[in-house]
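Student: All I have is the shape, not the residue letters:
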């Protein structure tokens, strides 16, 4: 069975541009999470979907970040416009109904 | 508020030596605790978890962790490390295990193995 996949693995953009990250959870997992790790600090929670609904978006840093999960399958995280401090690794995770979350390999975002 | 502290940023041990990575948590109720590992280029892999029962938890790859409520600790141990254990290790806590919720991570401990 395929694990959580994320695309792209790396993205380098200039400040002010837009980037969209994609996450495909494990098939059948209703819960999908986004986390990020900025500048070697701790991994921080961004938001949690249950199917297509946002269950908890308390970790979203500001309104430049927009997450969607249309149809309750894959999710996208758009950053518009990107700022230098958005650089980091963005992780996606999914779980079936409990807190055994399975993580993807992450997308490394560099904003120049 | 929940928090997790990993006091060691970087540890180097010799191959074959024993290992202990420290983790302290702050949480009022019974915590649900995890250790994850991230190898270079890989995602986060769950090593082990604790949510009730025996306070000594066995995980994958020969790792174990012990939950000590009196010390608010959940240290990770391995009796003999292998070169392939070089990675970054994260301790984490969740408010609940049986229902999905966010996980709070420590800042990580990078483990290097000396040949």
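Tutor: Received it, and whenever you're ready, just let me know what you need. This is a predicted model, so every value here is computed, not measured.

Student: Tell me the residues of chain B that contact chain A?
Tutor: B:4, B:32, B:36, B:41-46, B:49, B:90, B:94, B:96-108 (C-beta under 8 Å from any C-beta of the partner chain). C-beta: built from backbone N, CA, C; applies to glycine.

Student: Would you quantify the distance from the nearest residue to residue B:29 once chain neighbours are set aside to residue B:64?
Tutor: Spatially, and ignoring its direct neighbours in sequence, residue B:29 is nearest to residue B:95 (7.7 Å; C-beta to C-beta, 6 or more residues apart in numbering or on different chains). Relative to residue B:64, residue B:95 is positioned 24 Å away (C-beta to C-beta, to the nearest Å).

Student: Tell me who's in contact with residue A:111.
Tutor: Neighbour list for residue A:111: A:13-15, A:82-87 [criterion: C-beta atoms under 8 Å, 6 or more residues apart in numbering or on different chains].

Student: count of residues packed around residue B:14?
Tutor: Burial of residue B:14 is recorded as 10 neighbouring residues (other C-beta atoms under 10 Å in any protein chain shown).

Student: returning to what we had before: compare the contacts of residue A:111 and tell me which is most surrounded.
Tutor: residue A:82 (23 neighbours).

Student: Quick check: residue B:89 is in a strand.
Tutor: Yes. Membership of residue B:89 in a strand is supported by DSSP: H, G, I helix; E, B strand; the rest coil.

Student: re earlier: mark which of the residues of chain B next to chain A are buried, thanks.
Tutor: Buried members of the residues of chain B next to chain A, counted by 16 or more other C-beta atoms under 10 Å in any protein chain shown: B:4, B:32, B:36, B:43-46, B:49, B:90, B:94, B:97, B:100-108.
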